[in-house]
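J.: Model the following, please.
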Amino acid sequence: MIPANRRRRAKDERQRARARSGDAWEAALCDELNALENAWARRWPKAWAGQPFDISAEIAGHAFAIECKSIARGNLPFSALRPNEIENLSRFEDAGGVAVIAIRRQQPPARVFVPWWTVREVILAGDRGSIPLSGQPESLAAVLEVGQPWL
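T.: From the prediction side, this is the model:
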């Protein structure tokens, strides 16, 4: 066995474990949204062509586009959002929907829902930085209370 190959295999196993963890969290979030009254949610399939966002939902008459991100610690860097994710969230919001980034942090545990309109301008401007998790809404109902520029 070549030592370099052993290292690559361990790295691939860690990456698959992270992907499974994020996928399980995304499925649990979708199930949680489906359990709400007057709500439905659907995960988009993972395909080579990509998907517009991770979860489409309608809650109390509001259409939501939810992009799920999972991080180990700290804040979510702007660079974690791919160009197609940025474009699709912006298009959805421009069309009158509520675009949200759902962030799960493992250490210390946190789960927040960042309204896209609060970070859109700095991300589209190409600024460097990250999305702080403190002070962000912890539920989708709280996202609607933060402000409604889409109405």
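
J.: what's the longest strand in the protein?
T.: Longest strand of the chain, by residue count under DSSP state E: strand 62-73.

J.: Show me what the next helix or strand after it packs onto, helices and strands only.
T.: Per DSSP states H and E, the first helix or strand lying C-terminal to strand 62-73 is strand 76-77. If contacts are counted by 3 or more C-beta pairs under 8 Å, 6 or more residues apart in numbering; DSSP states H and E, strand 76-77 sits against strand 130-131. For every residue, glycine as well, the C-beta is placed using N, CA and C.

J.: Compute the number of surrounding residues for Leu76.
T.: Using other C-beta atoms under 10 Å, Leu76 has 21 other residues around it.

J.: My guess is it contacts Ser70. True?
T.: No - in this structure Leu76 lies outside contact range of Ser70 using C-beta atoms under 8 Å: 9.4 Å.

J.: Give the intersection of the neighbour lists for the two.
T.: Any residue near both Leu76 and Ser70 by C-beta atoms under 8 Å, 6 or more residues apart in numbering counts here, and that gives Ile103.

J.: quick one, strands of this protein?
T.: Shown for the chain, the strands assigned by DSSP E span residues 39-43, 55-59, 62-73, 76-77, 98-107, 110-115, 130-131.

J.: Tell me where the protein is predicted with low confidence.
T.: Within the chain, the stretches with pLDDT under 70 are 1-11, 19, 47-50, 147-151.

J.: Tell me which residue lies nearest the centroid of it.
T.: The chain has Cys68 as the residue nearest its centroid, 2.2 Å off, counting by C-alpha atoms, centre = their mean.

J.: Show me what that residue is bridged to.
T.: Ala102 (DSSP bridges).

J.: In terms of secondary structure, what does the longest strand of the chain contact?
T.: Where contact means 3+ C-beta pairs under 8 Å, 6+ apart, strand 62-73 is packed against helix 3-35, strand 55-59, helix 83-94, strand 98-107.

J.: now the ones you listed in JSON lines, with mean neighbour count and distance to Ile131?
T.: Listed next are the helices and strands packed on strand 62-73 as JSON lines, based on neighbours: other C-beta atoms under 10 Å; distance: least, C-beta to C-beta, whole Å:
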{"stretch": "helix 3-35", "mean neighbour count": "12", "distance to Ile131": "17"}
{"stretch": "strand 55-59", "mean neighbour count": "20", "distance to Ile131": "18"}
{"stretch": "helix 83-94", "mean neighbour count": "16", "distance to Ile131": "13"}
{"stretch": "strand 98-107", "mean neighbour count": "20", "distance to Ile131": "7"}
